[in-house]
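Peer 1: Curious how this folds, go ahead:
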Amino acid sequence: MAIELVRIDDRLIHGQIATTWINDFNIEQVLIINDDVVKDSMQQSVIAMTAPANVKVKVFGVDSFVNVYKKNPIKRRTMIILTNSIDAYKLAKGGVKFPYLNVGGMRFVNGRTKIARAVSVTPEERQAFKDILKLGINIKIQMIPRDEVVNMEDVIDKNMEGEE
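Peer 2: Got it, this is the predicted structure:
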């Protein structure tokens, strides 16, 4: 399988991605799947500058990527980065195959409830995580590869006090 890692991280490409995840998984290309970023050329430029020079970066809208994926097999070692579980669920429902879902950062903002360190969700995002689990896809919360893994099914129904 060419998709090595699918990660939710609302910061998209940043230091931890560039220095740990990409290296640890020997990633050749990063695909940002997000309907807002695909319309924002400034953000795309920043993302391209943040990635290591030897890594290709492409940006797709969610539905667009599902269609591209169905017609074109991914050949490079690929990391997909999303900003939320709703988009991850759409990929899975659309037939995109991935070994598991890695969750890094979903910031605490109004309307979100903290369920784990650095992971806060809206009610819709919580439901999307549950739906992904029902599809048989394992979800692991892990900020960097050396951190302890927290299984989403262990925390999805919890509310934690405080903010990040």
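Peer 1: so what secondary structure elements neighbour the strand or helix carrying V59?
Peer 2: Counting by DSSP states H and E, the element that carries V59 is strand 56-60. Using 3 or more Cβ pairs under 8 Å, 6 or more residues apart in numbering; DSSP states H and E as the contact criterion, the secondary-structure elements in contact with strand 56-60 are strand 29-33, helix 41-50. In this view, the C-beta of every residue, glycine as well, is placed from N, C-alpha and C.
Peer 1: Among the ones you listed, show me which one is buried the most.
Peer 2: With neighbours taken as mean count of other Cβ atoms under 10 Å, the helices and strands packed on strand 56-60 reach their highest mean count in strand 29-33, at a mean of 23.
Peer 1: and that strand, what does it pack onto?
Peer 2: When contacts are defined as 3+ Cβ pairs under 8 Å, 6+ apart, strand 29-33 sits against strand 56-60, helix 62-71, strand 78-82.
Peer 1: mind redoing it with 10 Å?
Peer 2: Applying 3 or more Cβ pairs under 10 Å, 6 or more residues apart in numbering; DSSP states H and E, one finds that strand 29-33 contacts strand 3-9, helix 41-50, strand 56-60, helix 62-71, strand 78-82, helix 85-93.
Peer 1: If anything else comes up later, I'll come back, but that's it for now.
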